[in-house]
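1. Sequence below, structure please.
(4 chains)
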Amino acid sequence: MNWGSWDNFWMMGGYGLYVWGSYAVTLALIVAEIALLRMRRREALDTLRQHNGAQA
Amino acid sequence: MLEAHDIEITRGDRRLFGNLSLALQPGTLLLVTGSNGSGKTSLLRALCGLLVPSAGAIRWHGENIRNLREEYWRHLVYIGHTNALKDELTATENLGVLCALSGVHPSAEQQRQALARFGLAGRERLPAKALSQGQRRRTALARLSLCSTLPLWILDEPFAALDSAAVSHMQAVVGRHLADGGMVVITTHQEVPIPAPTMTELNLDQGYR
Amino acid sequence: MNQPVLLAGGINVFKYAAPQTFYPLAGKMIPWFGWIAAAFCAAGLYVGFFVAPTDHQQGESYRIIFIHVPAAWMSMFIYVVMAFWAGVGLIFNTRLSHMMVSALVPTGAMFTFVALWTGALWGKPTWGTWWAWDARMTSELILLFLYFGFMALQAGIDDARRADRAGAVLALVGVVNIPIIYFSVKWWNTLHQGASVSLTSAPTMATTMLTGMLLMALAAWMYTIAAALHRVRSIILEREHGATWINEYAETKA
Amino acid sequence: MVALLRAVIRRDLLLAWRRRADIATVVLFFVIVVSLFPLGVGPEPNLLRTIAPGIIWVAALLACMLSLQQMFASDHSDGALDQMLLAAAPLGMIVIARAFAHWLISGLPLVILSPVLAIQFDLAPELSPVLTLSLLLGTPILTLTGAIGAALTLGLRGGGMLLALLVLPLYVPVLILGAGAVDAASAGLGADAHLLLLAAQLVVTATFAPWAIAAALRISAE
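-> Below is the predicted model:
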């Protein structure tokens, strides 16, 4: 364990902004990508069902 | 000889036709008919090798044209529904370039005669943009009388925009090519009789689904 | 035509080249890769934050390395994998390989952006500037442009077949150019002194640091596979809507 | 085949001659872009001398892009491209001929003009030949690489901007080596290394680009 307390952990020795700025944006991008992936799949399935409905 | 085995052509999401086979022997005329959008032009472009069929193969003397490439193209004249003329070049210059691309290098006198036979005497030095639609078409077709040594002609709507004199001259040119053992593929929506030793008609509206 | 498939496990992989056999297989693999990625990520973060010691030169700011370096590796690796599938697609004319290329691009662009962003945030405390025209950073920026160019080209083409094949040619041209770009930028960088600080001259790495970085790199790798498989499934759904199996499948999924 | 290629080059030169206003546009664009920079950064001679190679090179990249949009576009729309795809010679050779003609029309004028523009920026007289030589070696690379982009974006909406997006990142090495050659010479390091690398890149590009262009043309024409 490197850190005495959670405060120290979030401070990152004074570099908190840079370290957490990096991790937060990366996390946000991955979450966004996963959301986009799901949206794309849902839209593809919706379009397919509409096609099927139109044919039936 | 030209053969197509079970070819299928798809444009975008649309399957134009499939399971189409044909064989074209020397001296044969293949007339491709069908309604608008039935895939006449696509079939011609596939036979040329411009468009790759989604299934099947096209063979020239038994060899796939995808492998033959320019070995095949040096036996082929393709005239599409666009004339491939450059507006800024004269009729003669245009004709010279088109023949050169086919590997044929006619003399100036031969070019002049070819244009004259298609009723373009005296217009050889006009830029293509000064020619009428019909005259432009005739300039493009004049290439045929210079490329009679190339056995396979693939012509997309060659009679469109032609007057009756030009139509009858075209009939004669195609007829002579067939009589000399050439092969011609034509699309048309006009009834134009061509004196052909053997003729096959392929109607894309029937079957081939 | 034969087509090698992403995961060869000693089984006959060729039959999975057809979209309808590949689709359910990919569906089964996605959760696995997703969970493995999460596990590697958790392990990597634990090692990175709780085991690896403070760097004596850079203090705690170096901990950005655990995402910066894996992201930079992935950004380049994904482009190479893309180019590989592009080549396979052009040579063997297999639809699935082209779909794989399109499926990899957004994730590659994402990692490229992450590498740039974390590079900037690392640069500020280390070099005192957000952006230095360092050889790696500059090449990474150009790589991002290459990804954007690829996406723009595919978005600009309506016909799927043309989009696939044009994209494949572009990916191959890009992959040939990346080393040339990198070395020219490096060459340019050494001639123009001043911005000669390099990320490689950063910490002499403790073994635990390296371990954390490798774990995070593995996480990024597994994540990429999961994301690409997920996206390729959507692409199959979008492209193959004429096929019966797809239509039946869509009905079963509410 | 030689006669065929000669006919293709002759055609392109003839067309360019009859459309000479188009060439003038490219050259004027080049001159105007270069002339705008002093207005933007101020007339300080030392600053201008420093940035001259970079500016002239960037302007050359942009001018080349401008001319590339038309390289295959009209041939695509009027059917002349189909005839080239079905020619009796390998498409790669025809592409080389066309790229050569394109370079004569829109690359060479930039090379020839560069000493004049160098004067505008008060570039030292011994650096001017280096600039010209770097452009002479570099502009054919711009044409060949750009032609890949032009072939890929054929007939697409927003083709011009798309072409820029695809091709400009690929121009980075040429820009670095070209402008760098002049910088190196002015720093007394000698431009040989830069120019040799540029020449090497020209050889590599001339070997591989034609096949990529040919493949791209076939894909776009289908």
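
2. Could you tell me how far residue A:25 is located from residue C:216?
-> According to Cβ to Cβ, to the nearest Å, residue A:25 stands 15 Å off from residue C:216. Yep, even glycine has a C-beta here, placed from its N, CA and C like the rest.

3. neighbour count winner among those two?
-> Legend: neighbour count by other Cβ atoms under 10 Å in any protein chain shown for residue A:25 and residue C:216, higher for residue C:216 (25 against 16).

4. Tell me the helices and strands packed up against the lengthiest helix in chain B.
-> If you go by DSSP state H, chain B has its longest helix at helix B:164-179. With contacts taken as 3 or more Cβ pairs under 8 Å, 6 or more residues apart in numbering or on different chains; DSSP states H and E, helix B:164-179 sits against strand B:28-33, helix B:133-146, strand B:183-187.

5. okay if I get those as CSV plus mean neighbour count?
-> As requested, the helices and strands packed on helix B:164-179 are exported to CSV (neighbours: other Cβ atoms under 10 Å in any protein chain shown):
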stretch, mean neighbour count
strand B:28-33, 20
helix B:133-146, 22
strand B:183-187, 24
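
6. In TSV: those, plus distance to chain D and mean pLDDT.
-> Below are those laid out as TSV (distance: least, Cβ to the nearest Cβ, whole Å; pLDDT from 0 to 100):
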stretch	distance to chain D	mean pLDDT
strand B:28-33	18	92
helix B:133-146	9	93
strand B:183-187	14	93
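
7. Near residue D:24, how many other residues are there?
-> Neighbours of residue D:24 using other Cβ under 10 Å come to 11.

8. So it versus chain C, what's the distance?
-> As judged by Cβ to the nearest Cβ, to the nearest Å, residue D:24 and chain C stand 30 Å apart.

9. Please name the nearest non-neighbouring residue to residue B:192.
-> Once flanking residues are discounted, residue B:192 sits nearest to residue B:159: 5.3 Å by Cβ to Cβ, 6 or more residues apart in numbering or on different chains.

10. Ok, residue B:124 next?
-> Looking at residue B:124 with Cβ to Cβ, 6+ apart, the closest residue is residue B:92, at 4.6 Å.

11. Show the average pLDDT along the one helix or strand the one you found maps to.
-> Residue B:92 belongs to helix B:91-101 when assigned by DSSP states H and E. Across helix B:91-101, pLDDT averages out at 95.

12. The following helix or strand past it vs helix B:164-179, what angle?
-> The C-terminal neighbour of helix B:91-101 among helices and strands, as given by DSSP H and E, is helix B:108-117. On the basis of axes from the mean of the first three to the mean of the last three Cα atoms, to 10 degrees, helix B:108-117 is oriented at 120 degrees to helix B:164-179.

13. what comes up buried for helix B:108-117?
-> The neighbour-count check on helix B:108-117 (16 or more other Cβ atoms under 10 Å in any protein chain shown) flags B:111, B:112, B:113, B:114, B:115 as buried.

14. What strand or helix carries the residue most central in space within chain A?
-> Nearest to the geometric centre of chain A sits residue A:31, at 1.0 Å (Cα atoms, centre = their mean). Here residue A:31 is covered by helix A:16-55, with elements defined by DSSP H and E.

15. For that helix, buried residues please.
-> In helix A:16-55, counting by 16+ other Cβ under 10 Å, buried: A:18-23, A:25-26, A:29-30, A:33, A:37, A:40-41, A:44-45, A:48.

16. cool, stretch C:56-63 as well?
-> For stretch C:56-63, by 16+ other Cβ under 10 Å, it's C:58, C:60, C:61, C:62, C:63.

17. Hmm, residue A:18 and the last one touching each other?
-> No: contact between residue C:63 and residue A:18 fails when scored by Cβ atoms under 8 Å: they sit 9.2 Å apart.

18. which residues do the two both contact?
-> Contact criterion Cβ atoms under 8 Å, 6 or more residues apart in numbering or on different chains; residues shared by residue C:63 and residue A:18: residue A:12.

19. quick revisit: also near chain C: which of the buried residues of helix A:16-55, exactly?
-> A:18-19, A:21-23, A:25-26, A:29-30, A:33, A:37, A:40-41, A:44-45, A:48 (Cβ under 8 Å from any Cβ of the partner chain).

20. Now do residue C:133, the pLDDT please.
-> On the pLDDT scale, residue C:133 gets 84.

21. Mind checking the pLDDT average for the helix holding residue A:31?
-> For helix A:16-55, the mean per-residue pLDDT is 91.

22. Which strands or helices does it pack on?
-> Partner elements for helix A:16-55 (3+ Cβ pairs under 8 Å, 6+ apart): helix C:65-92, helix C:95-127, helix C:207-239, helix C:244-252.

23. out of the ones you listed, which comes closest to chain D?
-> With Cβ to the nearest Cβ as the measure, helix C:65-92 is the member of these nearest chain D (7.7 Å).

24. the longest helix in chain D is where?
-> Ranked by residue count, the top helix of chain D under DSSP H comes out as helix D:192-221.

25. ok, the residue sitting furthest away from the middle of chain D - contacts?
-> Of all residues in chain D, residue D:44 has its C-alpha farthest from the mean position, at 29.6 Å, by Cα atoms, centre = their mean. Contact analysis of residue D:44 by Cβ under 8 Å, 6+ apart lists nothing.
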